[in-house]
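Trainee: Okay, here's the prediction I keep looking at, along with the sequence it came from:
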Amino acid sequence: MSTKVQRNAPMFGPLLDHLSATMATGPKGEKMARKPTSTDRTAPKATRLTNTNLSTVASRDRLKVRESPYWQKLDKGCHIGIRKMTAGSEIWWAKYNAPGTTATLKKQLGEFGNLPRNERFSAAKMAAEAWFETAGRIGRPKEVTVKDACAAYAKHKREADGHDPAVDVEGRFERWVNNAAIGKIALSKLTSRHVEAWRKSLEQQPAKISRDDRKTPLTRPRSMHTVNRDMTTLRAALNYSKRKKLVASDDAWAEALKPLTKQKPPEDDEDAEAAEEDARLGHHNVELTIDHRTALLAAADPEIRPFLQAMSLLPVRPGALARLTVGRLDSKNSLLSIGRDKAGSGRTLPLPATTLRVFEAAAKDKPRNALLFQRANGTRWNKDSWKGPVKDAVRASGIPPEATIYTVRHSVITDLVVGGLDLATVAKLAGTSLLMIDKHYHKLVKSRATAALSALQIAAPSPPAPAPPVDFGDGDLI
């Protein structure tokens, strides 16, 4: 029976339905998996590869350059990563996902460029694990700034070494770090560029050489040794932060805060103090007579009195005197060895009998390596610890209020020059150059020379009086 095809009916609809059913069930009716098309919105997305082996140099070299880091899982929620911006760069990162939260914390660990490449993964892993402990303990770690790190170190210094060393480092931080741009930078974001900029600014700061309250202080260019002392304090604070795992790496400051030159051992090195003292010599407006110094000793606290007495007897810098040990005293030959001076050679001072007794009393019952003059707590005198007692003694004694411990040394040198000792010997005893002594004490030498020349005046006999004129009576005088 023929069937009339209806006009406009779809001729291939039934055929397409049949083919579709056959492909879906297969020749025997079993159901087949259908490959999703790009237009199928219900198809599962491809899983992104997030775990990368970063432990070997070869595996890291195979990584392509890209902006986002590659990550390797270390533990639940803990990843170590590397950011490869160029073919030769490797910046290590740590990532922490806090349990029960959607927060992701990241921290840049550094390049570890001071280590061989095959050791960098282990170092970065240790740094990351240290940070994970902090991140896990407090959730979202507070950003510790350089100023915070300095405050923590000062507190440690106070607990470990006492009040005076802590006051010293606190003063340096207050002058050069806390209010500077570097003080506000987080340790995790600190770079060598930040530290180098701070160091350059420090080197350009003038150093004060006047300790009074004058409106315009006397200054000089900052010496290499002064810069090193200030840098050393900041470096110690940053190294302490690294030991306490507040920062993972010292890359930012290891090179930038290296001393300008290798310094001599502090117990024998007078160079830094010598530079400051020589700059100060020409600016003393106060002279302390023997009576002034006697009054100063009488008013001084018993703790500092032996130290001041020794300062009044020898033209030695206070820092050098504070460093002297019992072994420097040769009682048998009445000699005192000061150690290296500015020229690098040692100098030995002869001690008169009365001066020798003062030093022997200071050395009594002490071992050779003990300090000759020390504080009641056994520590060494320094400019921060002697400043207060000297100021109190000056005020109580009624001597000129501008006097300091450096004025005492200046007055001793003045007495030696006025007393007629040649300048070359004065320079050797004082541990400075003949040029420096002549520069600052030439007026005293001139006065002494004038007095000496005056003593050479010899009174010449007066010339005879002229004979009176003779009158011969003729009105003419002959």
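Mentor: Yep, that arrived.
Trainee: going forward, measure contacts and count neighbours with C-alpha atoms only.
Mentor: Will do.
Trainee: Which helix or strand contains the residue nearest the centre of the chain?
Mentor: Nearest to the geometric centre of the chain sits residue 231, at 2.3 Å (C-alpha atoms, centre = their mean). Residue 231 is part of helix 224-243 when elements are defined by DSSP states H and E.
Trainee: Go ahead and measure how far that helix is from the middle of the chain.
Mentor: Centre-to-centre, helix 224-243 and its host chain are 4 Å apart (C-alpha atoms, centre = their mean, to the nearest Å).
Trainee: Repeat that for stretch 362-375.
Mentor: Distance, centroid of stretch 362-375 to centroid of chain: 30 Å (C-alpha atoms, centre = their mean).
Trainee: same check, this time on stretch 180-187
Mentor: Per C-alpha atoms, centre = their mean, the centroid offset for stretch 180-187 relative to its chain is 15 Å.
Trainee: Is the residue nearest to the centre of the chain in contact with residue 199, as I believe?
Mentor: Yes: under the criterion of C-alpha atoms under 8 Å, residue 231 makes contact with residue 199 at 7.5 Å.
Trainee: Find residues that contact each of those two.
Mentor: Common neighbours of residue 231 and residue 199, using C-alpha atoms under 8 Å, 6 or more residues apart in numbering, are residue 257.
Trainee: show me the contacts for residue 424.
Mentor: So residue 424 contacts residue 434 (C-alpha under 8 Å, 6+ apart).
Trainee: circling back to that earlier point, residue contacts, the residue nearest to the centre of the chain?
Mentor: Contacts of residue 231 by C-alpha under 8 Å, 6+ apart are 199, 257, 259.
Trainee: Residue 407 belongs to a strand?
Mentor: No: under the criterion used here (DSSP: H, G, I helix; E, B strand; the rest coil), residue 407 is helix, not part of a strand.
Trainee: And it, how close does it get to residue 381?
Mentor: Distance of residue 407 to residue 381, given as C-alpha to C-alpha, to the nearest Å: 17 Å.
Trainee: Now go through the contacts of residue 231 and say which are in helices.
Mentor: residue 199 (DSSP state H).
Trainee: circling back to that earlier point, for residue 420, see how far away the residue nearest to the centre of the chain is.
Mentor: Per C-alpha to C-alpha, residue 231 is found 44 Å from residue 420.
Trainee: Using the three-state scheme, assign residue 118.
Mentor: Once three-state DSSP is applied, residue 118 turns out helix.
Trainee: The nearest residue in space to it that is not next to it in sequence: how many residues sit nearby?
Mentor: Nearest residue to residue 118, sequence neighbours excluded (C-alpha to C-alpha, 6 or more residues apart in numbering): residue 57, at 6.1 Å. Residues lying near residue 57 (other C-alpha atoms under 10 Å) number 14.
Trainee: How confident was the prediction at residue 57?
Mentor: Note for residue 57: predicted pLDDT of 92.
Trainee: Please apply the same query to residue 273.
Mentor: 52.
Trainee: And for residue 408?
Mentor: 91.
Trainee: That one against residue 314, yeah?
Mentor: No: taking C-alpha under 8 Å as the definition, residue 408 is not a contact partner of residue 314, at 9.6 Å.
Trainee: more crowded one of those two?
Mentor: Using other C-alpha under 10 Å, the more surrounded residue of residue 408 and residue 314 is residue 408, with 28 against 20.
Trainee: What distance do you get for that one to residue 310?
Mentor: From residue 408 to residue 310 the distance is 10 Å (C-alpha to C-alpha).
Trainee: ok now stretch 108-124, how far from the chain's centre?
Mentor: With C-alpha atoms, centre = their mean, you get 27 Å for stretch 108-124.
Trainee: what mean pLDDT would you report for it?
Mentor: Rounded mean pLDDT across stretch 108-124 is 91.
Trainee: again, but for stretch 251-260
Mentor: 87.
Trainee: buried stuff in that stretch?
Mentor: Going by neighbour count (16 or more other C-alpha atoms under 10 Å), the buried part of stretch 251-260 is 251-253, 256-257.
Trainee: Just the ones in strands from those residues, please.
Mentor: In this view, the buried residues of stretch 251-260 have no member that belongs to strands under DSSP state E.
Trainee: picking that back up, pretty sure the residue nearest to residue 118 sits against residue 117.
Mentor: Yes: the criterion here is C-alpha under 8 Å, and residue 57 meets it with residue 117 at 6.6 Å.
Trainee: Check the gap between residue 129 and residue 81 for me.
Mentor: Distance from residue 129 to residue 81, by C-alpha to C-alpha: 12 Å.
Trainee: Compare these two and say which is more crowded by neighbours.
Mentor: residue 81 (29 against 19).
Trainee: Show the pLDDT at that one.
Mentor: 95.
Trainee: same question, residue 148
Mentor: In this model, residue 148 carries a pLDDT of 92.
Trainee: just checking, it is part of a strand?
Mentor: No: Residue 148 is assigned helix when assessed by three-state DSSP, not a strand.
Trainee: burial count for it?
Mentor: By other C-alpha under 10 Å, neighbour count at residue 148 equals 19.
Trainee: ditto for the one 5 residues further on
Mentor: Neighbour count of residue 153, defined by other C-alpha under 10 Å: 23.
Trainee: Looks like it contacts residue 239 (just checking).
Mentor: No: counting by C-alpha under 8 Å, residue 153 sits too far from residue 239 to count as a contact (9.3 Å).
Trainee: Give me the more crowded residue out of residue 407 and residue 381.
Mentor: residue 381 (21 against 18).
Trainee: Kindly list the main-chain dihedrals of the more buried one?
Mentor: For residue 381, the backbone dihedrals are phi -70, psi 140 (criterion: degrees, to the nearest 10).
Trainee: Roughly how far does it sit from residue 299?
Mentor: To residue 299, residue 381 is 19 Å away according to C-alpha to C-alpha.
Trainee: ditto for residue 361
Mentor: In terms of C-alpha to C-alpha, residue 361 sits 20 Å off from residue 299.
Trainee: all strands of this protein, in order?
Mentor: Using DSSP E, the strands of the chain run over 70-75, 78-83, 91-97, 104-110, 207-208, 219-220, 329-330, 335-340, 346-350.
Trainee: elements contacting the second one?
Mentor: Under the contact criterion of 3 or more C-alpha pairs under 8 Å, 6 or more residues apart in numbering; DSSP states H and E, strand 78-83 touches strand 70-75, strand 91-97, helix 117-138.
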